[in-house]
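Undergrad: Predicted structure and sequence below. I'll ask about it afterward.
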Amino acid sequence: MNSPTPLPPIKRIDPSRAPKVVDPRHDTLGAADAIAAAVAPGSSNRVERMRIDDLSIAYGTKPAVRNVTLPVREGEVLALIGPSGCGKTTLLRSLNRLTELTDTAVATGSITLNGDDIHALEATDLRRRVSMVFQQPNPFPMSIFDNVAYAIREQAARRPSKSALAPLVREALEDAGLWDEVGDNLDHPALRLSGGQQQRLCIARALASKPEVLLMDEPCSALDPKSTEIIEELITRLREKVAIVIVTHNLQQAHRVGDNVAFMYLGELVEYGTVEQVFNAPRAERTQNYVGGVFG
Amino acid sequence: MSTSTQPKVVHRRGKDTVKSWPLPDRIAYFSCWAVGIGLCLVAAGLILFMLNKGLQYVSLDLIFSNPAVGSDQSQTGGFLAPLLGTVILTLVGTIIAIPLGVATAIWIVEYGRPTRLARAVESGIEVVAGTPSIVLGIFGLLLFSNGIFSFMSFRALGGAVAGRSFLTAGAMMSLIALPLIFTSTREALQQVPAQVREASYALGKTKWSTIRKVLIPTARPGILTGTALGMGRIAGDTAIVVILLGATMQIEKVGSAPIVSTLRGTGSTLTSYVYNNSPAGEGNAPQKAYAAAFVLLLLVLALNFGIDILSRRSKKEIV
Ligand SMILES: Nc1ncnc2c1ncn2[C@@H]1O[C@H](COP(=O)(O)OP(=O)(O)O)[C@@H](O)[C@H]1O
Ligand SMILES: [Mg+2]
């Protein structure tokens, strides 16, 4: 080891080595200002559900997310894209404070839900309002009904009966487009469903608590093309009910389901804009290099 | 398919028989084979012997009558009391062991903190698992003869605490079952993928409700398997019975409270009955010993079978 000095804390990274929003050396198109304007509050007339403001997250001394500012708006699908390891999952998991389950994770900056600091909320309450679907389908080893009902049970002071839960379970399964396939077999173990059905069950489970924001971390990467298509249609339909943030490394998918796209690179937000703008007229050179050529 | 390559394959396969192996391999192969067959024969012989002797001597009369004092075998009655004793003692031991074993496994797997204490507890359980039951028995007698434990047994005529009862024996028996229940619960919990826990937290569940509603039901088949093994070990133990249960011929109640009187009292089990009636003990009624041993074997087999069905059923609900 040549340098005995420890890695600097995230907030004081040498600007020439780890630049802020956009690396000036690559900012040939004057992207920084345009993106700063795009992520600023009031840049859209839709209601803002969540706001990520100057968020940095590090695992120990290793930064994973650097000074990211992003809005999450009602009625929109925000697609987070970027190469593997650029901090998409970390950013997503910070929105419902799942990063807190990792001991080494340290965060600075602020995240709000409808204007309230999410750290002022109970984590359990926050996670019902900002629910999550993971990369691998992870249904519980119990019946289909219990998987969905589990999300709603205990929320009420008194334990709701099965018959009181049934309409809510049905509604969630319908929202997830799974009711027609499993409606007659609610007692079957969830693990006997196909991978695509399991993932839709996980979506139903996440929708059961009627969240305001739905987080999806590469929800189709473990699925076949047919299931992927079904879930993409579902996302497009759900947009009206719940604000969606979806992480994907599949650019075509981001193009198909996204309304807004955020491109991350090495933990930074490089580009943010509407799906047409980011794919057709990227402002930053690194975005051009990343999305360039994908659509012929 | 081309036939020209066929003979070659057949030829090569034909060469790879035991006959073509080098001599040391062949010797090793045949010794392993012989040992395997030998063990099977021993097991089969044991079961046939038990069946033969058991069926020869067992009768409903023996099962449903209590032991009695008598000068020859025709007057000494049956083994209803020891049979009940085995059931009671196994239940007491298991009822104590399940919550302890399951709770400890949950703490180790789900919390594991403080790390050193968790390690110490795990090694402690390993030590208990390796302790001969007669050591547990004698330690238990010492412990439960203390005045503060008089509620678990009774005071003898001189006022000394006897330390012998279904409760004290059951408490020590629970230590035999506990490591088995602990280990299989721990293994079952460790097999639950981390993603499942994360999914539960992501739905806004606390750690405790995740444990209660997701992890314990998932681990249930494992818990049941450990319980079956533990119950089998309790039902089969003799040392603790002889030292801590008293091995009295009948169930001797203490006081008049319905269940407590039995639990605080002494009795015997099928194992102590077998021992006492075998040529090794004083009863010298080998035929009754064979019959009781046979019933004990059936009991343990039935237990394993029952638990197997239960565990399979709860597995079916899961996958
Ligand atoms: N639990 C963790 N502990 C330490 N480092 C982590 C952990 N999770 C992710 N990282 C690191 O943080 C960076 C960002 O990871 P991640 O958010 O998973 O990226 P992405 O989802 O874009 O692939 C990576 O360098 C990764 O190695
Ligand atoms: Mg990821």
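TA: Received, thanks. Ligands and ions are numbered 1, 2, ... in the order given.

Undergrad: Report the separation between residue A:292 and residue B:195.
TA: Separation of residue A:292 from residue B:195 (Cβ to Cβ, to the nearest Å) stands at 35 Å. Where C-beta positions appear, they are placed from N, C-alpha and C, glycine not excepted.

Undergrad: Could you check which of the two has the larger neighbour count?
TA: Using other Cβ atoms under 10 Å in any protein chain shown as the criterion, residue A:292 and residue B:195 rank with residue B:195 on top: 14 against 11.

Undergrad: which residues touch that one?
TA: A:134, A:136, A:138 (Cβ atoms under 8 Å, 6 or more residues apart in numbering or on different chains).

Undergrad: out of the residues you listed, which one sits closest to residue A:240?
TA: Nearest to residue A:240 out of the contacts of residue B:195 is residue A:134 (Cβ to Cβ; 23.4 Å).

Undergrad: Near residue B:106, how many residues? Count them for me, please.
TA: Quick note: residue B:106 (other Cβ under 10 Å) scores 18 neighbours.

Undergrad: what do you get for residue B:144?
TA: Under the criterion other Cβ under 10 Å, the count of neighbours that residue B:144 has is 23.

Undergrad: List the buried residues of stretch B:40-60.
TA: B:50, B:53, B:54, B:57, B:58 (16 or more other Cβ atoms under 10 Å in any protein chain shown).

Undergrad: Can you list the neighbours in contact with it?
TA: Outside stretch B:40-60, the residues within contact range by Cβ under 8 Å, 6+ apart are B:287, B:288, B:290, B:291, B:293, B:294, B:295, B:297.

Undergrad: In helices, which of the residues you listed fall?
TA: Among those, the ones falling in helices (DSSP state H) are B:287, B:288, B:290, B:291, B:293, B:294, B:295, B:297.

Undergrad: how about the helices in chain A?
TA: Under DSSP H, chain A gives helices at A:31-39, A:88-94, A:123-129, A:144-152, A:162-175, A:179-182, A:195-207, A:225-238, A:251-257, A:275-280, A:285-291.

Undergrad: is it true that residue B:78 touches residue B:249?
TA: No - contact criterion Cβ atoms under 8 Å: residue B:78 and residue B:249 do not qualify, at 11.4 Å.

Undergrad: can you list residues touching both of these two?
TA: Joint contacts of residue B:78 and residue B:249 (Cβ under 8 Å, 6+ apart) are B:66, B:67.

Undergrad: For residue A:196, grab the count of nearby residues.
TA: The burial count for residue A:196: 21, using other Cβ under 10 Å.

Undergrad: low-confidence ranges in chain B?
TA: Within chain B, the segments meeting pLDDT under 70 span B:1-15, B:71, B:283.

Undergrad: Those residues of it touching ligand 1, which are they?
TA: Applying Cβ under 6 Å from any ligand atom, we find that chain B lies next to ligand 1 at no residue.

Undergrad: give the contact list for the residue lying closest to residue B:140 once chain neighbours are set aside.
TA: Nearest residue to residue B:140, sequence neighbours excluded (Cβ to Cβ, 6 or more residues apart in numbering or on different chains): residue B:172, at 3.9 Å. Contacts for residue B:172 (Cβ under 8 Å, 6+ apart) come out as B:133, B:136, B:137, B:139, B:140, B:240, B:244.

Undergrad: Quick one: those residues as CSV, columns for neighbour count, distance to residue A:127 and secondary structure too.
TA: Formatted as CSV, these follow (neighbours: other Cβ atoms under 10 Å in any protein chain shown; distance: Cβ to Cβ, whole Å; DSSP: H, G, I helix; E, B strand; the rest coil):
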residue, neighbour count, distance to residue A:127, secondary structure
B:133, 21, 49, helix
B:136, 22, 47, helix
B:137, 23, 51, helix
B:139, 15, 49, helix
B:140, 23, 48, helix
B:240, 30, 49, helix
B:244, 30, 51, helix
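
Undergrad: distance of the residue nearest to residue A:169 when sequence neighbours are not counted from chain B?
TA: Spatial nearest neighbour of residue A:169, chain neighbours left out: residue A:148 (4.5 Å); criterion: Cβ to Cβ, 6+ apart. With distances taken as Cβ to the nearest Cβ, to the nearest Å, residue A:148 is found 10 Å from chain B.
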